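Asker: This is the structure alone, sequence omitted:
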């Protein structure tokens with residue numbers, strides 16, 4: 001159930017007490033699940049607010065199936081936690097460059113590294 005206007009309209013047409021009691025049980029269970037989720041969400045937000053982050057500039061060279069080369073440059077805002085690369089994290093200032101713009105891609109990466117006081121990491125293909 002989505003508990004939207006459509007569900008409420010259907011509910012108002014229901015005159016089976018047994019069906020209404022079943023819907024009530026389902027809604028109470030869903031409310032408990034939502035409350036547990038909201039509690040976990042608030043705990044995670046607090047944890048994130050108290051976590052240190054490290055900006056890392058990435059530069060990735062990628063060759064497409066057509067043979068064209070692209071360079072991807074951006075800043076990963078990695079949390080200082082174990083296995084940070086496998087977490088969800090923010091990525092900022094992403095730009096794509098064609099293969100002919102290699103020099104511009106490296107220059108942009110240097111500019112970002114200076115701006116964020118971060119190291120540049122060339123990622124594998």
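Answerer: Right, received. Where do you want to start? Since this is a predicted model, take the numbers as computed values, not measurements.
Asker: Which segments of the protein make up each domain?
Answerer: With automatic domain parsing as the criterion, the domains of the chain are listed as 5-48, 52-123.
Asker: Where do the strands of this protein begin and end?
Answerer: In the chain, the strands defined using DSSP state E lie at 53-63, 69-79, 90-98, 119-123.
Asker: Tell me which of the ones you listed lies nearest to residue 45.
Answerer: Closest of the strands of the chain to residue 45 is strand 69-79, at 13.2 Å (criterion: C-beta to C-beta). Just so you know, the C-beta spots here come from the backbone N, C-alpha and C atoms, and that holds for glycine as well.
Asker: So which elements touch the closest one?
Answerer: Helices and strands touching strand 69-79, by 3 or more C-beta pairs under 8 Å, 6 or more residues apart in numbering; DSSP states H and E, are strand 53-63, strand 90-98, helix 102-116.
Asker: For these, give me a markdown table that also has mean neighbour count, distance to residue 36 and mean pLDDT.
Answerer: Shown next, in a markdown table, are the helices and strands packed on strand 69-79 (neighbours: other C-beta atoms under 10 Å; distance: least, C-beta to C-beta, whole Å; pLDDT from 0 to 100):
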| stretch | mean neighbour count | distance to residue 36 | mean pLDDT |
| --- | --- | --- | --- |
| strand 53-63 | 17 | 27 | 96 |
| strand 90-98 | 13 | 26 | 96 |
| helix 102-116 | 16 | 37 | 97 |
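Asker: For residue 74, find the nearest of these.
Answerer: Closest to residue 74 of these is strand 90-98 (C-beta to C-beta; 3.6 Å).
Asker: before we move on, back to that, residue 16: which of the helices and strands packed on strand 69-79 is closest?
Answerer: Across these, residue 16 has its closest neighbour in strand 90-98 (49.7 Å, C-beta to C-beta).
Asker: Compute the inter-axis angle for the closest one and strand 69-79.
Answerer: Here strand 90-98 runs at an angle of 170 degrees relative to strand 69-79 (axes from the mean of the first three to the mean of the last three C-alpha atoms, to 10 degrees).
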